[in-house]
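Visitor: Just need the structure, nothing else, for what follows:
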Amino acid sequence: MADSNARLGTGDGGSVLSGPMTGLDCIAALKALGEESRLRILRLLFKEPLSVTDITGRLGLSQYNVSKHLRVMREAGLLESEQRGKLRLYTVSSRLK
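Guide: Below you'll find the model as predicted:
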């Protein structure tokens with residue numbers, strides 16, 4: 001299932017990383033956090049799981065930009081997502097808590 005980089009494709013849009021972070025994973029995570037809006041989103045998600053709409057309303061960002069930022073952070077292994085009914089809720093990866 002996992003390749004030599006300990007990456008898993010969850011198929012549901014969740015986190016794509018598993019196991020301990022490697023040096024390359026850390027570089028990807030740091031690059032993902034190099035944008036102020038992503039830091040603001042991460043700060044919100046440390047408090048509670050939120051949807052794109054929730055984040056958009058709280059930060060005053062467009063839905064397009066929030067979705068783009070969430071994708072970058074999820075691909076860097078910083079976030080996990082879960083489908084709840086019609087909503088997809090995002091939260092900080094359990095590896096970072």
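
Visitor: Pull the contacting residues for the most centrally placed residue in the chain.
Guide: By CA atoms, centre = their mean, the chain has its centre lying nearest to L79, at 2.6 Å. Neighbouring residues of L79 by CB atoms under 8 Å, 6 or more residues apart in numbering: 15, 42, 45, 70, 73, 90-93. For every residue, glycine as well, the C-beta is placed using N, CA and C.

Visitor: Look up which residues are beta-bridged to it.
Guide: Beta bridges link L79 to V92 when assigned by DSSP bridges.

Visitor: With neighbour count and distance to R84 as extra columns, can I get the contacts of L79 in CSV?
Guide: Formatted as CSV, those follow (neighbours: other CB atoms under 10 Å; distance: CB to CB, whole Å):
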residue, neighbour count, distance to R84
S15, 22, 16
L42, 18, 20
L45, 23, 15
L70, 23, 15
M73, 25, 19
Y90, 26, 11
T91, 18, 11
V92, 19, 17
S93, 20, 18
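
Visitor: ok, so of the residues you listed, who is nearest A29?
Guide: M73 (8.4 Å; CB to CB).

Visitor: wait, that closest one sits on L42?
Guide: Yes. Shown here, M73 and L42 form a contact pair, counting by CB atoms under 8 Å, at 7.0 Å.
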